[in-house]
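> this one's structure only:
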């Protein structure tokens, strides 16, 4: 099943915590045996029902654009690949707002982090109503902070990262939004997680979509290596 909404892919980060491993390579281009994390991501998103991708770039933009050109040549079927290069680092919210303005987006759109593997999880968001965010159950929320959800799957609050988080739901970094949801923010540099999501939560309209697949954020070396090992084990 495909949809007609763009997927905005947050791909502009510096990948500071991975520089000891990747040097000057953007983390979305992290090598995974004979391929890259970006290529695996793109193919998994297509499988989940997405076919129109807008990459939000800053650090390593030229490298990512060149990689997308190569990857697209090997993908059968009809997909759309485009990109917007930020004039400066704008934060997650600022990058999205800039892309919505530059590309004149008028309808619902998806937002996803290029460095977070969600497996088949994004398939659950295709038919979700906006505003929604994907959430995942984990054993330890301390690294990410917790999401509080009521019995109607409406998000009622967000907890900050703590040293001992315990089990619970976390924000998977996958959103379905409408341009109206960010239209009231006047700052050019801002965080989606600190500005937009709390505002929607306070309005009582932010829905949780429970994702049942895995979650790997390759932003730190140990998790990057864990993903590479997982990929190796999954090969026939």
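It's in. These numbers were taken from a predicted model, which means no experiment stands behind them.
> per-residue pLDDT, residue 143?
For residue 143, the pLDDT comes out at 79.
> ugh, typo on my part, it should be residue 236
68.
> Please name every helix or strand in contact with the lowest-mean-pLDDT helix or strand in the chain.
When each helix and strand of the chain is scored by mean pLDDT, DSSP states H and E, helix 19-22 comes last, with a mean of 80. Under the contact criterion of 3 or more Cβ pairs under 8 Å, 6 or more residues apart in numbering; DSSP states H and E, helix 19-22 touches helix 221-234. C-beta: built from backbone N, CA, C; applies to glycine.
> buried set for the helix it packs on?
223-224, 227-228 (16 or more other Cβ atoms under 10 Å).
> Stretch 88-103 too?
90-100.
> Export those as CSV, with columns for distance to residue 14 and pLDDT.
Converted to CSV, the buried residues of stretch 88-103 look like this (distance: Cβ to Cβ, whole Å; pLDDT from 0 to 100):
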residue, distance to residue 14, pLDDT
90, 13, 95
91, 12, 94
92, 13, 95
93, 17, 96
94, 15, 96
95, 13, 96
96, 18, 97
97, 20, 96
98, 17, 96
99, 19, 96
100, 23, 96
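> Closest to residue 198 out of these?
residue 93 (11.1 Å; Cβ to Cβ).
> ok, which stretches of this structure are helices?
19-22, 37-48, 61-73, 91-102, 197-202, 221-234 (DSSP state H).
> what comes into contact with the longest one?
Which is helix 221-234. 17-18, 20-21, 27, 30, 32-33, 37, 40, 117, 216-218 (Cβ atoms under 8 Å, 6 or more residues apart in numbering).
> Of these, which is the most crowded?
Neighbour counts for the contacts of helix 221-234, by other Cβ atoms under 10 Å, peak at residue 218, which reaches 26 neighbours.
> List the contacts of that one.
18, 27, 30, 37, 115-117, 224, 227.
> okay, among these, which ones form the most distant pair?
18 and 117 (14.2 Å).
> who does the longest strand along the chain touch, helix- and strand-wise?
The strand that spans the most residues within the chain, counting by DSSP state E, is strand 168-177. Strand 168-177 sits against strand 109-113, strand 132-138, strand 147-149, strand 207-210, with contacts defined as 3+ Cβ pairs under 8 Å, 6+ apart.
> hmm, try it at 7 Å
strand 109-113, strand 132-138, strand 147-149 (3 or more Cβ pairs under 7 Å, 6 or more residues apart in numbering; DSSP states H and E).
> give me the low-pLDDT residue ranges for the chain?
For the chain, applying pLDDT under 70 flags the ranges 1-3, 15, 162-165, 236.
> okay if I get the contacts of residue 218 as TSV plus distance to residue 154?
Output for the contacts of residue 218, formatted as TSV (distance: Cβ to Cβ, whole Å):
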residue	distance to residue 154
18	35
27	33
30	36
37	33
115	28
116	24
117	27
224	34
227	32
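> which one of these is nearest residue 201?
Looking across the contacts of residue 218 and measuring by Cβ to Cβ, the closest to residue 201 is residue 116, at 20.8 Å.
> thinking again about what came up before, residues making contact with the longest strand of the chain?
Identification of contacts with strand 168-177 by Cβ atoms under 7 Å, 6 or more residues apart in numbering yields 108-113, 116, 118, 121-122, 125, 128, 130-138, 141, 144-147, 149, 193, 211, 215.
> Also stretch 50-68?
2-3, 6-14, 26, 28-29, 36, 38, 78-86, 89, 95, 99, 103, 122.
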